[in-house]
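Trainee: missing the sequence, but the structure's below:
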């Protein structure tokens, strides 16, 4: 297999854009990535589009705006991990030599509010009232508080940090800092989760162009290598009883840990090698959990980690310097490629006021319905 | 790249199954394919699920019923070509050595009647009343009649042949023969297209298991080689004006011809090597056109071809021995893998009363919205 690098990235701001069609949103991200690589659209030989809430042939509708070149354009879907699955298909095609230039693009327009529970849950779950995602997060958070002494203040600190970072990210939906008091006093969605700890569904797009590392310097003065690109599905469903009693861990690692182990092995790197991380902070407690499962701290150490300031920009291991999903929102199909945009920008040293100094290795992590988890490790 | 073979196929009858959940429909096809290969689900290392009208993570919901093994399960969508795209991803992964055992599965439950035009067309098309697929087919058919003297009787003969073949296919939605008179006297949908010439949207599933040809004899006494697996997108949209004036052909081949050329090149075979074909007969005229673009006859020769009996079982080049979409219906995500099921069955000599004697090479063809076309060539 050939080593593969990212030579171009593009993004369309995450947020709400009214009647603006998804085709325009996607085209902006695709054109930005092509311009970034100084590459003509006609050079791309295959494209994978991640989207969850958009219609059939979203990728084709977006990318044929750039011209019909005959290449296969495939929509790819794996819940919140869709962008990872799209990048992975592009990565495998180029690594194996099926083609030299491929694009992964995520495009999304989410409806407002919560998702139809019938879309996500079994009938019995809806019947007993466990019909919305935050209920499951809240149970996990409560269990974490019980097991490890994690506090609601520590969860609040995650939200404070991410919202603070977003002020310097022009692509974030919300670019506004909040105090810990404001976060903790915001409306309770499902105890202990507060409104300002939670991400909003929204709209946006992001794209990445990959090619063999050997060719990368033709297209970019700062190509970024893909060290690992992994997609796994949990051995236990996210919503299974063991996930809320702690007993699942005895039988099998949680999905993030399982996928992270595979990614670290593929990359030949460990968590100690990471300089910057973008991870799935659908709500603040998810970030605390994920920092543990990614090995950034010990089991149960996620609360103290954020409290110590280690995950701030300038800290030992900055997490979500982009502002995370809490400030960017989660346009599901586009979220992982949005993380890839951020980490590529960080590793190139082009992140301006949110730059993590000297970052050489970064990790992107998404986790979603059905136990879908994708992890991409990038290095310069 | 390694040569890849299909060692197991499965299908769930196409039709209407009321409240039966798509998970059960899909699981039946997956289990049949595993049983056919005498393979345990735990052996599969990657799975791709084609579906168009089903919710997020359809493949995961279906296949985790067989057990959560951690493997990536990705939904793939490319309109009517979705199944081809899914099989192609599985094929590429195994050909390149990313894994040894992969499954492609198509699962679908379509709503009744026509698709929401906003899903398929630009606003201007809906505004001028070109809001349903049969209108476009009818225009193409009318143009073909004008250019080549094709007759409505010849279109009727396609429907008569396919409905006749379906009588021997237990997986077809409709298993009933009609006379030419019955077809021609059935309701006009959009002149010259009659109701009995047109396929119905429906439900169903089909699956195929692939592995390196070198390993194939461990799993199947009759493995079938994938000679080509191609997915292309039209250089002209299906709905563009040139498609209805004949002038597009001057500039660029139509999509089926374009994809077929690529598939024949990949396989090192030509149309003269084919023994049996399953092609996209969304309506009868599509079959006439496709036989030309696939090179089974000369340009404009599709009408005389069916009239001559050459495409009957027992004829020179049998087309749609399964009964085609006209009798099976089109569960979009499952249709291509349904064709693959049929051609594998034919090449194994297991097609019973619809068997094409001595068939060694077969082709599967799907064509759909946006100009998506997938072609798979199989040989024993």
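Mentor: Cool, the structure landed. Note that the structure is a prediction, hence the values are computed from the model and not measured.

Trainee: please make it C-alpha for all contacts and neighbour counts, starting now.
Mentor: Fine.

Trainee: which bits of the stretch 151-300 of chain A sit near chain B?
Mentor: Contact residues, the stretch 151-300 of chain A versus chain B (Cα under 8 Å from any Cα of the partner chain): A:231, A:232, A:233, A:234, A:235, A:236.

Trainee: pull out the buried residues from those residues.
Mentor: By neighbour count, with 16 or more other Cα atoms under 10 Å in any protein chain shown, these hold A:231, A:232, A:233, A:234, A:235, A:236 as buried.

Trainee: let me have those residues in TSV, extended by pLDDT and secondary structure.
Mentor: Shown next, in TSV, are these (pLDDT from 0 to 100; DSSP: H, G, I helix; E, B strand; the rest coil):
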residue	pLDDT	secondary structure
A:231	97	strand
A:232	95	strand
A:233	92	strand
A:234	88	coil
A:235	84	coil
A:236	75	coil
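
Trainee: would you reformat these as CSV and include distance to residue A:54?
Mentor: Formatted as CSV, these follow (distance: Cα to Cα, whole Å):
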residue, distance to residue A:54
A:231, 22
A:232, 23
A:233, 23
A:234, 25
A:235, 28
A:236, 28
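
Trainee: hang on, the earlier thing: which pair of the residues of the stretch 151-300 of chain A next to chain B spans the longest distance?
Mentor: Using Cα to Cα, these reach their maximum pairwise distance at A:231 and A:236, which is 15.2 Å.

Trainee: next SSE after the helix or strand bottoming out on mean pLDDT in chain A?
Mentor: For chain A, the helix or strand with the lowest mean confidence is helix A:248-251, at a mean of 47 (criterion: mean pLDDT, DSSP states H and E). Sequence order places helix A:255-267 as the next helix or strand after helix A:248-251, per DSSP states H and E.

Trainee: just how off-centre is the very next helix or strand once past that next one within its chain?
Mentor: Using DSSP H and E, the helix or strand that directly follows helix A:255-267 along the chain is strand A:276-278. Relative to its parent chain, strand A:276-278 has a centroid offset of 10 Å by Cα atoms, centre = their mean, to the nearest Å.

Trainee: list the contacts of residue A:175.
Mentor: A:163, A:164, A:166, A:167, A:168, A:169, A:327 (Cα atoms under 8 Å, 6 or more residues apart in numbering or on different chains).

Trainee: how near is the fourth one to chain B?
Mentor: Plainly put, residue A:167 is 33 Å away from chain B if you go by Cα to the nearest Cα, to the nearest Å.

Trainee: check that residue and give its pLDDT.
Mentor: The per-residue pLDDT reported for residue A:167 equals 98.

Trainee: how would you label the residue lying closest to it once chain neighbours are set aside: helix, strand or coil?
Mentor: Using Cα to Cα, 6 or more residues apart in numbering or on different chains and skipping the chain neighbours, the partner closest in space to residue A:167 is residue A:175 (4.4 Å). Here residue A:175 is coil, with the state taken from DSSP: H, G, I helix; E, B strand; the rest coil.

Trainee: separation between residue A:175 and chain B?
Mentor: From residue A:175 to chain B the distance is 30 Å (Cα to the nearest Cα).

Trainee: ditto for residue A:359
Mentor: 30 Å.

Trainee: residue A:318 too?
Mentor: Residue A:318 sits 29 Å away from chain B, going by Cα to the nearest Cα.

Trainee: phi, psi for that residue please.
Mentor: Per-residue torsions, residue A:318: phi -60, psi 130 (degrees, to the nearest 10).

Trainee: hmm, it is touching residue A:306, no?
Mentor: No. Between residue A:318 and residue A:306 there is no contact under Cα atoms under 8 Å: 9.8 Å.

Trainee: anything in contact with each of the two?
Mentor: The contact sets of residue A:318 and residue A:306 overlap at residue A:312 (Cα under 8 Å, 6+ apart).

Trainee: and the strands in the stretch 201-350 of chain A?
Mentor: A:203-212, A:224-233, A:276-278 (DSSP state E, counting those that start in this stretch).

Trainee: per-residue pLDDT, residue A:126?
Mentor: 80.

Trainee: list the contacts of the most centrally placed residue in chain A.
Mentor: In chain A, the centroid-proximal residue (Cα atoms, centre = their mean) is residue A:336; its distance is 3.5 Å. Residues near residue A:336 by Cα under 8 Å, 6+ apart: A:80, A:81, A:82, A:83, A:84, A:106, A:364, A:365, A:366.

Trainee: how about 10 Å then?
Mentor: Counting by Cα atoms under 10 Å, 6 or more residues apart in numbering or on different chains, residue A:336 touches A:50, A:80-87, A:105-106, A:205-207, A:278-280, A:330, A:342, A:364-367, A:374-376.

Trainee: against chain B, how distant is it?
Mentor: As judged by Cα to the nearest Cα, residue A:336 and chain B stand 15 Å apart.

Trainee: and residue A:160, by the same measure?
Mentor: In this view, residue A:160 and chain B are 32 Å apart by Cα to the nearest Cα.

Trainee: how near is that residue to residue A:278?
Mentor: Distance, residue A:160 to residue A:278, using Cα to Cα, to the nearest Å: 16 Å.
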